[in-house]
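Asks: whatever this is, show me its structure:
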Amino acid sequence: MHNSAPAGSANRAAASLAELVRFRTVSSRVPAEVDAEEFEAFLAALPRLYPSVHAALEVERVNGAALLFRWPGTSEDPGSRPTVLMAHYDVVPAGDEQAWTHPPFSGHSDATHLWGRGTLDDKGQLVAILEAAEALLGEGFAPAHDVYFSFGNNEETAGDSAAAAVELLAGRGVRPWLVLDEGGAVAGGAFPGVSRPAAVVGVAEKGILDVELLTRDPGGHASTPPRMGATARLARAITRIEQNPFPQRLPEVTAEMLRRFGPHAPAPLRVAFANLSLLRVPMTWLFSRLGNETNAMTRTTVAITTLEGSAGANVLAATAKANANIRVAVGDTVAGTVERLRKVIRDPKVELRVVEGNEPTPVSASTGPQWQLLEDCISETFPEAIITPYIMMGGTDSRRFTRICDSVYRFAPFVMDAADRGSIHAVDEKISLTTLGHGVRFYETLLRRL
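Replies: Take a look at the predicted model:
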């Protein structure tokens with residue numbers, strides 16, 4: 001890894017990010033928790049921080065508070081190979097602000113890290129893109145082909161702004177050659193026994209499905225409980241789901257990841273990975289037991305998140321509800337997943353209702369010119385990293401762009417160890433100032449090569 005990023009770009013990026021973190025652009029499905037003025041203040045700061053970008057690029061609002069920039073290309077046919085670089089500036093709530101080492105919306109810098117909600121997810125990426133563009137414009141650079149920046153305002157609530165941006169571009173006949181959004185990162189300790197960092201590039205996303213489990217009962221006083229009341233029936237259904245996980249598979253993308261890790265793994269694993277075609281079944285079994293992250297790569301997962309029963313300590317529940325948050329594996333479907341839940345629960349009195357469901361995305365290639373371009377740019381910025389495709393567990397705005405682009409990738413050009421990754425959506429989110437500078441360099445490299 002490069003030991004340092006250019007001090008100037010890192011310092012400018014850090015100062016800009018510190019200011020932008022201070023805006024409480026919190027996304028929530030509860031309208032009262034969203035402060036529209038904070039979003040407007042964030043948007044108003046961008047032209048001042050990035051004057052060259054706003055002078056040279058076309059910019060428009062999308063769906064209220066999302067932004068779409070167009071950097072016109074200079075070739076004879078600038079629209080023939082357009083690229084979309086994505087980020088979002090909304091953030092999740094900070095939770096208990098007293099639990100943070102530094103206040104979550106302070107943008108505090110300790111000269112090593114910049115602290116605050118959104119530093120990694122995902123204002124840091126937005127800043128890296130804009131800092132790179134501002135620096136290149138200062139050199140008189142212009143891309144050969146059109147480049148778009150699509151910055152979302154409601155990604156954290158799986159909102160509709162990215163879909164609106166896609167609709168806008170599709171209506172103008174824009175079919176991107178490449179789309180790059182947040183996702184994987186340069187991860188330390190990403191794979192057991194592999195000491196080198198891994199630049200994991202998302203080539204697909206699992207589907208996201210929320211299913212409500214509902215049971216009903218006459219209710220009444222808790223002094224005369226029936227057998228198998230609403231809460232007991234619901235508990236039995238949850239237990240059956242927990243005891244019957246979805247079957248394991250090793251998707252081809254994950255197999256390719258293992259092949260790429262193979263030469264850098266400890267001796268026994270190196271042999272196993274080299275002979276993956278012969279050892280696929282035992283390797284799938286092993287992979288599912290190396291940890292929660294690797295287990296999630298091998299199957300559709302179900303997490304029971306919210307529970308609701310009686311409102312009173314001595315009152316029987318007339319209804320009991322649970323939410324199953326499901327990440328649908330590539331190769332599975334929403335309909336098939338719901339049907340399997342019904343079979344596992346084995347109780348027609350447990351009602352299942354799909355609250356929201358998205359199918360897994362198509363898989364982008366880990367070969368070809370777009371992939372090679374990303375590999376080259378990652379190698380130049382992070383020379384020690386093993387570069388590999390992987391399937392994203394979470395969802396991003398880029399899933400909307402698969403409708404108009406076959407090459408959609410998900411990668412944040414930041415070094416993140418396990419603690420950094422764990423701070424996303426949690427307490428003490430922060431970004432290393434050095435890696436922020438590397439992020440700027442990555443986008444400068446990418447923009448030059450487009």
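
Asks: hey, let's count contacts and neighbours off CA atoms from now on
Replies: Noted.

Asks: continuing past the helix or strand bottoming out on mean pLDDT in the chain, what's the next helix or strand?
Replies: When the helices and strands of the chain are scored by mean pLDDT, DSSP states H and E, helix 280-287 comes last with a mean of 78. Per DSSP states H and E, helix 280-287 leads on to helix 292-296 as the next helix or strand towards the C-terminus.

Asks: quick one: buried residues of that next one?
Replies: In terms of neighbour count (16 or more other Cα atoms under 10 Å), helix 292-296 has its buried residues at T294, N295, A296.

Asks: which residues does that helix contact?
Replies: Residues outside helix 292-296 that contact it (Cα atoms under 8 Å, 6 or more residues apart in numbering) are F287, S288, R289, M393.

Asks: which stretches of the stretch 251-400 of the chain form strands?
Replies: Residue ranges of the strands in the stretch 251-400 of the chain, as given by DSSP state E, counting those that start in this stretch, are 301-308, 315-316, 319-328, 351-358, 386-392.

Asks: direction included, what does the shortest one pair up with?
Replies: To tie it back to what came earlier, the one meant is strand 315-316. strand 220-221 (antiparallel) (DSSP bridges).

Asks: next structured bit after the partner strand?
Replies: helix 230-243.

Asks: contacting residues around that following helix?
Replies: By Cα under 8 Å, 6+ apart, helix 230-243 touches 213-217, 302, 304, 309, 317-322, 341, 344-345, 347, 350.

Asks: what are the ranges of the helices in this structure?
Replies: Here the chain has its helices, by DSSP state H, at 7-21, 36-49, 51-56, 123-138, 161-171, 230-243, 252-261, 267-274, 280-287, 292-296, 334-345, 369-381, 418-423, 433-449.

Asks: of all these, which one is nearest F401?
Replies: helix 161-171 (6.1 Å; Cα to Cα).

Asks: which parts of the closest one are buried?
Replies: S161, A162, A163, A165, V166, E167, L169.

Asks: stretch 193-209 now?
Replies: Of the residues in stretch 193-209, those buried (16+ other Cα under 10 Å) are 194, 196-209.

Asks: what's the mean pLDDT across that stretch?
Replies: Mean pLDDT, stretch 193-209: 94.

Asks: tell me which of the buried residues of stretch 193-209 is nearest to P389?
Replies: Using Cα to Cα, these come closest to P389 at V201, 4.8 Å.

Asks: and that closest one, how far from L126?
Replies: 18 Å (Cα to Cα, to the nearest Å).

Asks: for the chain, give me the ranges with low pLDDT.
Replies: 1-8 (pLDDT under 70).

Asks: repeat the analysis, applying 80 as the threshold.
Replies: 1-10, 189-193, 268-269, 272-280, 283-291, 293-294 (pLDDT under 80).

Asks: show me what the residue nearest to V350 when sequence neighbours are not counted is bridged to.
Replies: With sequence-adjacent residues excluded and distances taken as Cα to Cα, 6 or more residues apart in numbering, V350 is closest to T215, at 5.2 Å. Beta bridges link T215 to A320, judged by DSSP bridges.

Asks: residue contacts, T215?
Replies: A230, T231, R233, L234, T319, A320, K321, K349, V350, E351.

Asks: most neighbours out of these, which is it?
Replies: L234 (27 neighbours; other Cα atoms under 10 Å).

Asks: now the contacts of helix 230-243: which count as buried?
Replies: Of those, these count as buried by 16+ other Cα under 10 Å: 213-217, 302, 304, 309, 317-322, 341, 344-345, 350.

Asks: from one end of stretch 165-177 to the other, what's the distance?
Replies: 16 Å.

Asks: then stretch 402-415?
Replies: Across stretch 402-415, first to last residue, Cα to Cα, it's 26 Å.

Asks: equivalent analysis for stretch 106-125, please.
Replies: Note: stretch 106-125 ends 18 Å apart using Cα to Cα.

Asks: buried stuff in that stretch?
Replies: Buried residues in stretch 106-125 (16+ other Cα under 10 Å): 106-109, 113-125.

Asks: stretch 390-406 too?
Replies: 390-393, 395-406.

Asks: now swap in stretch 244-257 and tell me
Replies: F246, Q248, R249, L250, P251, V253, T254, A255, E256, M257.

Asks: list the contacts for the closest residue to the last one other than its chain neighbours?
Replies: Counting by Cα to Cα, 6+ apart, the nearest residue to M257 once its immediate chain neighbours are dropped is T388, at 5.5 Å. Contacts of T388 were listed using Cα under 8 Å, 6+ apart, and they are A198, A199, V200, V201, E256, M257, R260.

Asks: who touches stretch 267-283?
Replies: Contacts of stretch 267-283 (Cα under 8 Å, 6+ apart): L250, A255, L258, R259, G262, P263, H264.

Asks: what about the fifth one, neighbour count?
Replies: By that I understand G262. There are 21 residues near G262, going by other Cα under 10 Å.

Asks: how close does it get to P369?
Replies: From G262 to P369 the distance is 24 Å (Cα to Cα).

Asks: again, but for the second one
Replies: Distance check for A255 against P369: by Cα to Cα, it reads 21 Å.

Asks: how many other residues sit next to V62?
Replies: 19.

Asks: sorry, that was for A44
Replies: 11.

Asks: which residues touch it?
Replies: A44 neighbours (Cα under 8 Å, 6+ apart): none.

Asks: return the member of the contacts of T388 nearest to A144.
Replies: Closest to A144, out of all of those and judged by Cα to Cα, is V201, at 25.1 Å.

Asks: how close does that closest one sit to D181?
Replies: On the measure of Cα to Cα, V201 and D181 end up 10 Å apart.

Asks: got any residues that touch both of the two?
Replies: Y409, R410, F411.

Asks: redo these as TSV? Include distance to S277 and neighbour count.
Replies: What follows is these, written out as TSV (distance: Cα to Cα, whole Å; neighbours: other Cα atoms under 10 Å):
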residue	distance to S277	neighbour count
Y409	26	29
R410	27	27
F411	28	21
